[in-house]
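> I'll drop the sequence and a predicted model, then ask my questions.
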Amino acid sequence: MPWSIASEVAPSAFAEIRRRTIFECCKWDVQVEDTSTLCPFPLVLKRDAWDDLVRLGEQLADETLRAEAEIIARRDLHETLGLPKAILRALRGGRRVADAASAVRLMRFDFHWTTDGWRISEVNSDVPGGLVEASGFSRLMAAESPDALLEGDPASIYAEAIAHHSRPGELVALAHATAYSDDRQVMQFVARALNERGIRTALASPEHLEWRDGCAWISGPFPPEKLGFIVRFFPAEWLPELPRRSQWRHFFLDGRTPMSNPGTALLTQSKRFPLIWNNLRTDLDCWRTVLPETRDARHVDINDPQWVFKPALGRVGDGIAIHGLTTMKQWRDTREAVRKYPEHWVAQRYFQQVPIENGGARLYPCLGVYTIDNKVAGIYGRISTNGLVDFRARDVAVLVDAPEPLAEAI
């Protein structure tokens, strides 16, 4: 086993961690239904397991970015990815992604420990969440765990990278779905990290941006000002739903304002990404090793328990159908959706996760390994009780075994 569950933090100490996570780290959704979303114990990785995840994460990031650069120019492959028609039209009409517009690439690869070793279920290459938990909550839990270390701090590393790409005095817009508190809390947390580094920020909606000669300006309720950088935390497939005046196409192509992440990240975010691998020149050896076999949903039997069905642009586990876990109603809905809209679905071969025992319960961890510009920056842990990581999964701090002191090792 690559990990163990450490002892629970004392109740009084954990109550303080919970309060600080809410007020210092902006995590406002600490309760889902009748369950606390925060685990009172950390998951501790063995040192060699962490080293393996770093190696795999950086190889995957490198392959993903090289594949994305190739796919942008391969308009013949775009339709296979199950993207909205408006985005397909935008990609056909644009010239290219400006070099400056693709800056500070943040991704998260979701790893599971299986009977065949490490496997990934997906990459969140568009707008990966979890920064509050991976940096804020985990840092507080690490302070109560003397035998383990927090390796990486994605929010801090992210802020440093953005600051490096920003000029003094420039305004950074954190464009997000302002009506959703779970999105707002992530942007509020990142804004604080940027403010600590002297960066001016504006928490805004993509509707508050306008484009002049390919450069982004903030407007709406804000005084008009040219932006120096954009942090996009608004799903790319939602952008066409913005008012026409928003000129959302500049998030994908022909934009000149540095951005993290550009809308073209959606090309590899799609679960149908593997369906075009054989048409690419890019070497995807690591992807082929750790991602289970993936097929067009039309080419498998939906009643075969060896296949998991996923919407091409699904997020947070929504819409996933797994035999034995999904209700009959969900199966019927999935079967009907696959029949009507097969081009927006994919089938992924089921992998057998290895659970970890804790207090008589079987738990299934999922480790989200963050990369920023091809380098691993930290890790986000979630734990489910049935193997499906959705909104009910709990957040767990992921720490790494502290190295032995040299004298003890000798």
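Done, it's in. Keep in mind that what you see is a predicted model, and the values were worked out from it rather than measured.
> and the closest residue to residue 196 other than its chain neighbours, what does it touch?
Excluding the flanking residues, the one nearest residue 196 by CB to CB, 6 or more residues apart in numbering is residue 159, at 7.5 Å. Where C-beta positions appear, they are placed from N, C-alpha and C, glycine not excepted. Residues in contact with residue 159 (CB atoms under 8 Å, 6 or more residues apart in numbering) are 190, 193-194, 196-197, 199.
> Same check on residue 225?
Residue 225 neighbours (CB under 8 Å, 6+ apart): 171, 217-218.
> max-length helix in this structure?
In the chain, ranked by residue count with DSSP state H as the criterion, the top helix is helix 47-73.
> for the next helix or strand after it, packing partners?
Next in sequence after helix 47-73, counting helices and strands by DSSP states H and E, comes helix 75-78. On a contact count with 3 or more CB pairs under 8 Å, 6 or more residues apart in numbering; DSSP states H and E, helix 75-78 meets helix 85-93.
> Just the pLDDT at residue 212, thanks.
On the pLDDT scale, residue 212 is placed at 92.
> For it, give the beta-bridge partners.
residue 215 (DSSP bridges).
> what's the helix or strand for the residue nearest to residue 196?
Assessed by DSSP H and E, residue 159 sits inside helix 154-165.
> what's downstream of that helix, the next helix or strand?
strand 171-176.
> got the contact list for that next one?
Counting by CB under 8 Å, 6+ apart, 162, 166, 183-184, 186-187, 190-191, 194, 199-206, 208-209, 216, 218, 225-234 sit against strand 171-176.
> Please produce a PyMOL select command covering the buried subset of those residues.
Per 16 or more other CB atoms under 10 Å, the buried members of the contacts of strand 171-176 correspond to this PyMOL selection:
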select buried, resi 162+166+183+184+186+187+190+191+194+199+201+202+203+204+205+206+208+209+216+218+227+228+229+230+231+232+233+234
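> Tell me which of the contacts of strand 171-176 fall in strands.
Using DSSP state E, the members of the contacts of strand 171-176 that fall within strands are 200-204, 209, 216, 218, 225-233.
> Residue 345 and residue 282, how far apart?
Distance of residue 345 to residue 282, given as CB to CB, to the nearest Å: 24 Å.
> The two - which one has more neighbours?
When residue 345 and residue 282 are compared for neighbours, residue 345 comes out ahead with 25 against 16, by other CB atoms under 10 Å.
> Can you tell me, leaving aside adjacent residues, what's nearest to the more buried one?
Closest residue to residue 345 apart from its sequence neighbours, by CB to CB, 6+ apart: residue 297 at 3.9 Å.
> who's in contact with that neighbour?
Applying CB under 8 Å, 6+ apart to residue 297 gives the contacts 309, 338, 342, 345-347.
> Which among these count as buried?
Members of the contacts of residue 297 classed as buried by 16+ other CB under 10 Å are 309, 338, 345-347.
> Make JSON lines out of the residues you listed and add pLDDT.
JSON lines is the format used below for the buried ones among the contacts of residue 297 (pLDDT from 0 to 100):
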{"residue": "309", "pLDDT": "93"}
{"residue": "338", "pLDDT": "88"}
{"residue": "345", "pLDDT": "95"}
{"residue": "346", "pLDDT": "95"}
{"residue": "347", "pLDDT": "95"}
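> Burial check on the nearest residue to residue 57 once chain neighbours are set aside, number of neighbours?
Closest residue to residue 57 apart from its sequence neighbours, by CB to CB, 6+ apart: residue 369 at 4.0 Å. Residues contacting residue 369 under the criterion other CB under 10 Å number 29.
> Likewise for the one 5 residues further on?
Here the number of neighbours of residue 374 (other CB under 10 Å) works out to 17.
> For it, give me its contacts.
With CB under 8 Å, 6+ apart, residue 374 has these contacts: 58, 61-62, 65, 105.
> out of those residues, who has the most neighbours?
residue 61 (26 neighbours).
> Can you name the residues that contact that one?
If you count contacts by CB under 8 Å, 6+ apart, residue 61 has them with 105, 107, 109, 371, 374-375.
> Excluding residues flanking it in the chain, which one is nearest it?
In space, residue 61 is closest to residue 371, 3.9 Å off (CB to CB, 6+ apart).
> Give me the sheet partners of the helix or strand where the one you found lies and which way each runs.
Residue 371 is part of strand 361-372, with elements assigned from DSSP H and E. Strand 361-372 has the following sheet partners, assigned by DSSP bridges: strand 106-114 (antiparallel), strand 356-358 (antiparallel), strand 375-384 (antiparallel).
> that older thread, partners of the residue nearest to residue 61 in the sheet?
Where residue 371 sits in a bridge, its partners, by DSSP bridges, are residue 107, residue 376.
> Export stretch 234-246 to PDB, keeping only CA atoms.
Extracted C-alpha coordinates of stretch 234-246, given in PDB (Å, rounded to 0.1, in the frame of the first residue of the first chain):
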ATOM      1  CA  PHE A 234     -15.000  29.700 -15.400                       C
ATOM      2  CA  PRO A 235     -15.600  26.400 -17.300                       C
ATOM      3  CA  ALA A 236     -14.700  27.000 -20.900                       C
ATOM      4  CA  GLU A 237     -17.800  25.200 -22.200                       C
ATOM      5  CA  TRP A 238     -19.900  27.800 -20.400                       C
ATOM      6  CA  LEU A 239     -18.300  30.800 -22.100                       C
ATOM      7  CA  PRO A 240     -20.600  30.600 -25.200                       C
ATOM      8  CA  GLU A 241     -23.600  31.200 -22.800                       C
ATOM      9  CA  LEU A 242     -22.300  34.700 -22.000                       C
ATOM     10  CA  PRO A 243     -23.900  37.700 -23.800                       C
ATOM     11  CA  ARG A 244     -22.700  38.200 -27.300                       C
ATOM     12  CA  ARG A 245     -21.100  41.500 -26.400                       C
ATOM     13  CA  SER A 246     -18.700  39.600 -24.100                       C
END
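> buried sites along that stretch?
For stretch 234-246, a neighbour-count test (16+ other CB under 10 Å) marks 234-237, 239-240, 242, 246 as buried.
> for it, the distance to its chain's centre please.
20 Å (CA atoms, centre = their mean, to the nearest Å).
> same question for that stretch, mean pLDDT?
The pLDDT scores in stretch 234-246 average 89.
> neighbours of residue 69, just the number please.
14.
> Return the residues in contact with it.
With contact set as CB under 8 Å, 6+ apart, residue 69 has no partners.
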